[in-house]
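>>> Build me a model from this:
(chains A and B)
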Amino acid sequence: MQWTQIVSKRIQNEHKEIAGNGVAMKGPSSKWAFSMGFLVGACSVYVFLHQVWFERSYPVLSEAQEKATAAVERPTSWRKEGAALINLLHPHHADEDSWVADVLYQKVRVLCWVMTGPYNLQSRAHHVRATWSRHCNVVVFMSSVEDPDFPTVGLGTKEGRDQLYWKTIRAFHYVYEHYVNEADWFLKADDDTYVVVDNLRWILSNHTPKEPIYFGKRFKPYTKQGYMSGGAGYVLSKEALKRFVEGFRTKVCTHTTPVEDLALGQCLEKMGVMAGDSRDTLHRETFHPFVPEHHLTGKFSKSFWYWSYCYYPIVEGPQCCSDLAVSFHYVEAELMYTLEYYTYHLRAYGYTPRYQPPLHQGLSFGPLSQTTVMVGIKEAQEKERNKLVPGAFKVKILFIIYNKR
Amino acid sequence: MFMKGMIMGGIFCLVLSLLASFNPSTEHTTEDHHHHHLQAPSKDELKHFSHSQMEDLSNQVRVYCIIMVQPKILVYWAAAIHTWSKHCDKAVFYTSEASKALEAVDLNEKDDWARLRKALTHAYENAGDLRWFFVAQPTTFAIIENLKYLLLTKDPNEPFYLGNAAKSGELDYVVYDSGIVLSYEALKRLVNVFKDEDKCPERGGSLWNVGEEKQLAMCLKYTGVFAENGEDIHGKGLFNSKSVESLISDSMQANPTNVVEGCCSDMAVTFNGMSPDQMQVMMFGVYRLRPYGHDFHDLLLFDPPVGSNND
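Model prediction:
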């Protein structure tokens, strides 16, 4: 309150002056002094009260702010190794029991490489990095140009549709050279493909990386056994990747056409790699070449190329797609986050889904890294079906036994 | 003289402020049930309930869905029938006028407020043993299981009026678009106050042209029922007036480094403004699409509805 001091000092001096001059001007100047004092007093108390009241509400504000920032913070969960991102954490939810998913994360290691380009890093690849690629064991972004910050690998090609097969050939060779021992399966996706990696592991858990096999959305033309759609993503076993690289070394495979998915399918067919059936146990597709809305609600016109391309019969409506869907294509940034929200976050509390997928019998829980894990028995649950169908009951028993050899 | 003036001024100001702060506090004494935020139960809260107690509770929470439709937007009625409303214990559609294509209770009423009153009265009279009421617009999508979880430990014989709570001046009201939840007691009091033409007129003059959501809040306020904001255990709102896409889009602007966590609750109850096709996608997203190997040991079990293939 420095200015009040200044003002009062001035008035004091004035008084002194008046006293000094010996002139008694008490009447008007004292009234003036009183009013000034009144104003100053009122204002300073008002300002003081305002500060105190504000401070009382301030802690509430800052508490809310703190809550908001706490919710927003996220630990870094990957380690950069050259141009690859090695995921250190399998993303977890606070309330969930992701025991089975964690086991699969260790047993079925997936390297994801994402086809992108220098002009799509911020508009597309960035959102892939922020969402589904966090669930891969390793992720590598492939571009024509190297970018050490993102990071992306520079494949030394040009950009454009006619470069797609060149980029694919070089990308798989790069992955084979640098990371073949870091993973068991090798997934290719576009920067507008959304992949549910946990569901991919479920499909792959019924096979071993030693099998020469690959999976994706199966198309039938131009090949004997079919080939996998590029946009919907496809995944090669370690043996399949070895054979692909071997094919180019022995010149059995060459760059024949820029049509990447077809060319790759033809090469793999020549090298004895089998085109797998990626459908779920109810024969519903898991890899999808379009967005969910299109598959769930769209009606494909009979003249649309899709009808003649699909290896398996097309199902329109809700049964088009497995509950354990693996991929969708033409997914733009906003839909990437929406799908992440739908898959990993939004749910109906307590809801028991119709489709209860079995744990594959082929999955042998052999040695796990370091830890010995105990027998885990999930409880048998007996519950009356509420309200809708009285009297019926449901029994759910899941036995999982494994140990370290 | 100056000092005297200053002291007088200070006292004057102090007295004035004290007087001013006194007045609003007298209003609070009449409120016996006044907390603004209603949170879903936490896992700890539910731990002390026995298995049979949980069964009783889950059977007790049963929802009567009041869905307001209109013939000119038939697609939304069809969308609601084939999607989320199948999860209500009882879903009744209320229309403004009859239409051959619409299977709904015809209220024969064009005025929005009068129509809402009639729908609520009809629901109260036909409640049977249902004790919770959820009012939805045609463009609303609700996840009834999450609503039941929110209401799990609340007694419907207490007055509850909740949803996305907003403020208009001194009035707290629940936004219509994101769904309105009423307990049996709240609805009972409301139906009674409908008879009072002074406090809660059916058709009013210009004073009452404030929209039916606020009129509802005013009538309920007279009966001692106040709006509460439905939230999850982290304080995030569960009732949304926008679509998922819209909220994600907003989050991409506001929290670009943490879009999904900064957006919406995992246990969201409603979204609004979804097209019928987007509602089908939401059915898939909520009830079917999930990552293998991630389990939630929920304390309640809700089964899928009979005769349905999109959930």
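
>>> C-alpha only now, for contacts and for neighbours.
OK.

>>> wait, is B:G230 part of a strand?
Yes - under DSSP: H, G, I helix; E, B strand; the rest coil, B:G230 sits within a strand.

>>> partner residues bridging it?
Beta bridges link B:G230 to B:L38 when assigned by DSSP bridges.

>>> For stretch B:100-111, which residues meet the burial criterion?
B:102, B:104-107 (16 or more other Cα atoms under 10 Å in any protein chain shown).

>>> ok, which pair from those residues is furthest apart?
B:L102 and B:L107 (12.6 Å; Cα to Cα).

>>> For residue 231, grab the count of nearby residues.
This is for chain A. 25 (other Cα atoms under 10 Å in any protein chain shown).

>>> should've been chain B
24.

>>> cool, and the one 5 residues further on?
By other Cα under 10 Å, the residues close to B:K236 number 19.

>>> How about the contacts made by the residue of the stretch 101-250 of chain A found nearest chain B?
Per Cα to the nearest Cα, A:A101 is where the stretch 101-250 of chain A lies closest to chain B, at 4.1 Å. If you count contacts by Cα atoms under 8 Å, 6 or more residues apart in numbering or on different chains, A:A101 has them with A:198, B:292-294.

>>> which among those residues gets closest to B:K188?
Nearest to B:K188 among the contacts of A:A101, with distances taken as Cα to Cα, is B:H294, at 42.6 Å.

>>> all helices of the stretch 251-400 of chain A, in order?
Remark: helices assigned in the stretch 251-400 of chain A by DSSP state H, counting those that start in this stretch are A:260-270, A:292-297, A:306-309, A:333-344.

>>> for the stretch 1-150 of chain B, that is, sorry about that
Under DSSP H, counting those that start in this stretch, the stretch 1-150 of chain B gives helices at B:2-25, B:43-47, B:51-60, B:74-82, B:112-125, B:144-151.

>>> Same check on the stretch 201-311 of chain B?
Counting by DSSP H, counting those that start in this stretch, the helices of the stretch 201-311 of chain B are B:212-222, B:244-254, B:276-287.

>>> So which of those is the most surrounded?
helix B:276-287 (a mean of 22; mean count of other Cα atoms under 10 Å in any protein chain shown).

>>> Contact partners for B:T257?
Contacts of B:T257 (Cα under 8 Å, 6+ apart): A:A130.

>>> OK, contacts around residue 285?
With no chain named, the answer covers chain A. A:E285 sits next to A:217, A:278-279, A:320-322, A:325 when contact means Cα under 8 Å, 6+ apart.

>>> looking at chain B here, not the other one
B:G285 touches A:339, A:342-343, A:346-347, counting by Cα under 8 Å, 6+ apart.

>>> and with 10 Å instead?
A:292, A:323, A:338-348, B:279, B:311 (Cα atoms under 10 Å, 6 or more residues apart in numbering or on different chains).

>>> same question, A:G231
Counted by Cα under 10 Å, 6+ apart, A:G231 has contacts A:115, A:188-194, A:216-217, A:261, A:287-290, A:327-330.

>>> For A:E159, see how far away it is.
17 Å (Cα to Cα, to the nearest Å).

>>> Now for the nearest residue to A:E269 once chain neighbours are set aside, which secondary structure element holds it?
Excluding its sequence neighbours, the residue lying closest to A:E269 (Cα to Cα, 6 or more residues apart in numbering or on different chains) is A:Q225, at 7.4 Å. Per DSSP states H and E: A:Q225 is located in neither a helix nor a strand.

>>> Make sure A:Q225 is actually in contact with A:C267.
No - taking contacts as Cα atoms under 10 Å, A:Q225 lies outside contact range of A:C267: 11.8 Å.

>>> Quick check, pLDDT for the most centrally placed residue in chain A.
Central residue of chain A (Cα atoms, centre = their mean): A:T131, 1.9 Å from the mean position. Predicted confidence (pLDDT) for A:T131: 96.

>>> residue contacts, it?
A:125, A:194-196, A:333, A:336-341, B:258-260.

>>> Also B:I180?
Counting by Cα under 10 Å, 6+ apart, B:I180 has contacts B:66, B:133-137, B:161-165, B:173-174, B:213, B:227, B:239.

>>> The helices of the stretch 201-311 of chain B: which one's closest to A:Y355?
Nearest of the helices of the stretch 201-311 of chain B (Cα to Cα): helix B:276-287, 10.3 Å.

>>> looking only at pLDDT, what's the mean for the closest one?
pLDDT averaged over helix B:276-287 gives 96.

>>> what residue ranges in the stretch 51-200 of chain A score low on pLDDT?
The model of the stretch 51-200 of chain A has pLDDT under 70 over residues A:51-76.

>>> where exactly do the strands run in the stretch 151-300 of chain A?
With DSSP state E, counting those that start in this stretch, the ranges of strands along the stretch 151-300 of chain A come out as A:152-154, A:185-190, A:193-195, A:213-216, A:218-219, A:227-228, A:234-237, A:274-275.

>>> Is it possible to get CSV of those strands that adds mean neighbour count and distance to chain B?
Below are these laid out as CSV (neighbours: other Cα atoms under 10 Å in any protein chain shown; distance: least, Cα to the nearest Cα, whole Å):
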stretch, mean neighbour count, distance to chain B
strand A:152-154, 23, 20
strand A:185-190, 24, 17
strand A:193-195, 30, 10
strand A:213-216, 26, 18
strand A:218-219, 24, 21
strand A:227-228, 28, 23
strand A:234-237, 24, 18
strand A:274-275, 21, 23
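
>>> Export those strands as CSV, with columns for distance to A:A33.
Listed next are those as CSV, based on distance: least, Cα to Cα, whole Å:
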stretch, distance to A:A33
strand A:152-154, 76
strand A:185-190, 80
strand A:193-195, 77
strand A:213-216, 90
strand A:218-219, 94
strand A:227-228, 93
strand A:234-237, 88
strand A:274-275, 98
